[in-house]
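A.B. asks: make a model of this:
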Amino acid sequence: MKEITIGILLIVFSSCGKQELQQVDQAKHSVVFKSGITSVDGTVYTGIIYGMYEGGDTAFVQEYKEGRKDGVYKMWYPDGQQKRVAHFANDVYEGNVKEWFPNGQLYRSFNYANGQEQGMQTMYWDNGKLRANYESKNGRKYGLTGIKNCTSPWSDSVDKLLIGGM
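C.D. replies: Numbering: from 1, shown residues only. Now for the predicted structure:
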């Protein structure tokens, strides 16, 4: 009996410390995104905004603090498969962002600090093969970025003209 009482007290006291966020269905309220601030029914919003597919499944859930994205953002495909999980702080990416293809295969796992890529970044093709694997440090990318450094015919002809080859 003591164990049950202690368990109930822990639940009661732990729930007192964390305030429950207000939840708003985007389809049922006037949600306005203007100048980087989110308002619900004319008031700068703190809480959770969610959207639903026509079938009733959740499309997305986004946390807001004082009108800015702050907290977890989750998005799903219409079939219920996870599409994206991101973390925001003061309206910019902060921490890990993961996205998946409709088949459930991981598309990318990127890390952010203050809205900028920072740390290890990985991206995959829909068949699971690695597409990019690099580290971002101070705005520079080191490693396999998955980007080809191609030149266009226009830039080649300009280079030849400048060198005197034409």
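A.B. asks: quick one: contacts for the closest residue to G55 other than its chain neighbours?
C.D. replies: Distance criterion C-beta to C-beta, 6 or more residues apart in numbering; nearest residue to G55, sequence neighbours excluded, is P78 at 7.2 Å. From N, CA and C alone the C-beta is placed, and that goes for glycine too. Listed by C-beta atoms under 8 Å, 6 or more residues apart in numbering, the contact partners of P78 are Y53, G55, D57, A59.
A.B. asks: leaving out the residues flanking it, which one is nearest to the last one?
C.D. replies: The reference is to A59. G51 (4.3 Å).
A.B. asks: I'd assumed H29 was in contact with that neighbour.
C.D. replies: No - counting by C-beta atoms under 8 Å, H29 is not a contact partner of G51; they are 11.2 Å apart.
A.B. asks: secondary structure element for the residue nearest the centre of the chain?
C.D. replies: Centroid-nearest residue in the chain, with C-alpha atoms, centre = their mean: A86, separated by 3.0 Å. If you go by DSSP states H and E, A86 is part of strand 82-89.
A.B. asks: show me the strands paired with that strand, marking each as parallel or antiparallel.
C.D. replies: strand 68-76 (antiparallel), strand 92-93 (antiparallel), strand 95-100 (antiparallel) (DSSP bridges).
A.B. asks: export those strands to a markdown table and tack on mean pLDDT, distance to Q22 and mean neighbour count?
C.D. replies: Formatted as a markdown table, those follow (pLDDT from 0 to 100; distance: least, C-beta to C-beta, whole Å; neighbours: other C-beta atoms under 10 Å):
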| stretch | mean pLDDT | distance to Q22 | mean neighbour count |
| --- | --- | --- | --- |
| strand 68-76 | 96 | 13 | 18 |
| strand 92-93 | 96 | 23 | 18 |
| strand 95-100 | 98 | 24 | 17 |
